[in-house]
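1. build me a model:
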Amino acid sequence: MNSDENKEIEERILAIYKEVLPELPEDNKIDGITYYTDITLVNPVDGKDGLADQGVYAVRVVNEKEKNLYKLYNNSIEIAEIDENGKIIFSNEYIEWLEQIDKRFSEIAKNANEKEALDLNNELTEEDKEYKEDEIKELESEENKEITEQQKEQEKEEPENKEQEMQQLAEATGNKVENIKSYSKIKPTQYLTDKDTFEEIANVKGQYSDIYIVNANEDMGKNHKFAFIGRNQDGELEYIEGLETKGTTTTDRQIYSINRDGSKVEEKQVTEMFTTSDPNKMFSAKIGNYGIIEVDYLRKSPTENKFVGSQVETQTERPTTAEVKQFMNEARTTKSELDESIDKTKKQIEENESRTTRLENIDDNPNNDRAIDVTEVVELDDGTKTTIMDEAKSQNKKLDDYIKEMEETPESGMAEKIESIRVKELEKNTKEEPEVLHDREDRGERETPEEAALRRLMNN
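-> Below you'll find the model as predicted:
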């Protein structure tokens, strides 16, 4: 194994470590990660085919019972988990990936799921590599040192202060400083999907150390009120060729925007859209809350002039999660699947009172759909506000049971469903007749939320 291959493996190990660690329960820890050049996932038995993979990373997790669990990854996706009893549980994503290669492989994985055991205590080959937790932390420390050195080098080239930077951006865009309303810096090497970086999508790989999105009072060159400016290898600022707004069709457009973690997908009006060398990939810009510039990476529907996008990390916007990056990868969400997702988004936003939906509900995986947002604030007829989670707690019900009850309740609106369930609870828990409720109100006694719901239902 040469040094380049070794570095790629170490980079992947560190990336997996950073991805898995925050998701672990508090009492669990990562004990180490092992790289296997070849691994048998399902053993061939009684003439039946087995299943193997190459370049697999096994994350060893020690749980609160001091038992070993494992998470297996390849270079792009999670393969499986191995529980404390050694049983392998393949991820849906891996099974779907296998099916695209050969349906026989996916059937082997399905048949082995939660039945077959996988022992990872075998001796390692010369090509395999094992990293203990302290070695992984050392890799992280080395990476941080490299980043620090890179930042120091950039600081040598960067302006001494914000005023100087503003002056340079004004000159690059042919504006006066007072015409520059705001700007934000974008890291060109950030990943917008789990495969593609900003500079790769913009077709400027290696050309710029920094990229700026600038908002001005006047039109800027080939653009309108926004422009992408790059700092080239000579430290000079210049327009990024190819990222331009062309004509009125790229201004004041509606898009479907996914927030950083996929918990909200909503319709958003953007001020300008920027073309790339790929007609199905664009960027958008607008001024959001508190005057902050919002930039989205967009993919276009192959059949209509509609777009779905995810936010781009800037100085003021945090990076998107792995799930959002995976969805925006055209190898994972194909053009036809994107079309279906856009249709789902339109329908769900029109139907939902909140005018939003979630990434789980529009992707191509029906097993992760979440029909109801349990934290969405719902206003009832009397003006009080509640959430699904609060309702389940107040009625001492499991959240899943309450959601199931809501789905089975015939009323159409979220508020009406909550009111109806409250009435059922009251009828179940009290022997008072409806007339008595009116008498209590006449005596000045305060109604419970359930009693108020029943009274409103009776008056309709």
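2. so which helix or strand takes in Ile421?
-> If you go by DSSP states H and E, Ile421 is part of helix 414-429.
3. give me the distance from that helix to the chain's centre.
-> Distance, stretch centre to chain centre, for helix 414-429: 35 Å (C-alpha atoms, centre = their mean, to the nearest Å).
4. can you check stretch 13-22 too?
-> Relative to the mean C-alpha coordinate of its chain, stretch 13-22 is positioned 16 Å out (C-alpha atoms, centre = their mean).
5. in which helix or strand would I find Ile30?
-> With DSSP H and E as the criterion, the answer for Ile30 is strand 29-42.
6. how much does the helix or strand following that strand deviate in direction from strand 29-42?
-> The helix or strand immediately downstream of strand 29-42 is strand 51-62, counting by DSSP H and E. Taking axes from the mean of the first three to the mean of the last three C-alpha atoms, to 10 degrees, one finds strand 51-62 and strand 29-42 inclined to each other by 160 degrees.
7. switch to numbering from 382
-> Got it, the first residue is 382 from now on, which makes the last one we talked about strand 432-443.
8. quick one: strands adjacent to strand 432-443?
-> Counting by DSSP bridges, the strands paired with strand 432-443 are strand 410-423 (antiparallel), strand 449-454 (antiparallel).
9. can I get it in PDB? Just the C-alpha atoms.
-> Output of strand 432-443 as PDB, limited to C-alpha atoms (Å, rounded to 0.1, in the frame of the first residue of the first chain):
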ATOM      1  CA  LEU A 432     -21.400 -11.900   0.100                       C
ATOM      2  CA  ALA A 433     -18.100 -10.100   0.300                       C
ATOM      3  CA  ASP A 434     -16.900  -6.500   0.000                       C
ATOM      4  CA  GLN A 435     -13.700  -4.600  -0.300                       C
ATOM      5  CA  GLY A 436     -12.300  -1.500   1.400                       C
ATOM      6  CA  VAL A 437     -14.600  -1.800   4.500                       C
ATOM      7  CA  TYR A 438     -14.200   0.200   7.600                       C
ATOM      8  CA  ALA A 439     -15.400  -1.400  10.900                       C
ATOM      9  CA  VAL A 440     -16.100   1.000  13.800                       C
ATOM     10  CA  ARG A 441     -15.900  -0.800  17.100                       C
ATOM     11  CA  VAL A 442     -18.300   0.800  19.700                       C
ATOM     12  CA  VAL A 443     -18.300  -0.200  23.300                       C
END
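10. which residues are contacting it?
-> Here strand 432-443 makes contact (C-beta atoms under 8 Å, 6 or more residues apart in numbering) with 393-394, 397-398, 401, 405, 409-423, 449-456, 460, 486, 489-490, 493, 501. The C-beta positions use only the backbone N, C-alpha and C, and glycine is treated the same way.
11. please apply the same query to stretch 643-652.
-> Applying C-beta under 8 Å, 6+ apart, the contact partners of stretch 643-652 are 605-607, 632-640, 665-668, 677, 689, 702, 704-705, 708, 726, 730, 736-743.
12. worst-scoring helix or strand of this protein, pLDDT-wise?
-> None of the helices or strands of the chain scores lower by mean pLDDT, DSSP states H and E than helix 815-823, at a mean of 51.
13. any low-confidence regions in this structure?
-> Where the chain drops to pLDDT under 70, the residues are 382, 528, 531-541, 602-603, 627-632, 734, 747-756, 811-841.
14. at which residues are the helices of the chain located?
-> Along the chain, counting by DSSP state H, helices occupy 384-401, 473-482, 484-493, 514-538, 543-554, 579-582, 703-709, 716-732, 740-743, 769-775, 780-789, 795-810, 815-823, 830-840.
15. residues near Ala396, how many?
-> 15 (other C-beta atoms under 10 Å).
16. before we move on, back to that, in TSV: the strands paired with strand 432-443, plus mean neighbour count and distance to Asp659.
-> TSV is the format used below for those (neighbours: other C-beta atoms under 10 Å; distance: least, C-beta to C-beta, whole Å):
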stretch	mean neighbour count	distance to Asp659
strand 410-423	18	34
strand 449-454	21	29
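17. out of the helices of the chain, nearest to Ala597?
-> Across the helices of the chain, Ala597 has its closest neighbour in helix 543-554 (6.4 Å, C-beta to C-beta).
18. which residues are contacting the closest one?
-> Here helix 543-554 makes contact (C-beta under 8 Å, 6+ apart) with 539-540, 557-558, 560-561, 564, 593, 595, 597, 601-602, 608, 610, 618-620.
19. how about stretch 512-519?
-> Glu391, Ile394, Leu395, Tyr398, Lys410, Ile411, Asp412, Gly413, Ile414, Thr415, Tyr416, Leu520.
20. again, only this time at 10 Å
-> The contact list for stretch 512-519 (C-beta atoms under 10 Å, 6 or more residues apart in numbering) reads 390-391, 394-395, 397-399, 402, 410-416, 438, 440-441, 443, 510, 520.
21. returning to that earlier point: reformat the strands paired with strand 432-443 as TSV; add distance to Gln588.
-> Shown next, in TSV, are the strands paired with strand 432-443 (distance: least, C-beta to C-beta, whole Å):
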stretch	distance to Gln588
strand 410-423	33
strand 449-454	32
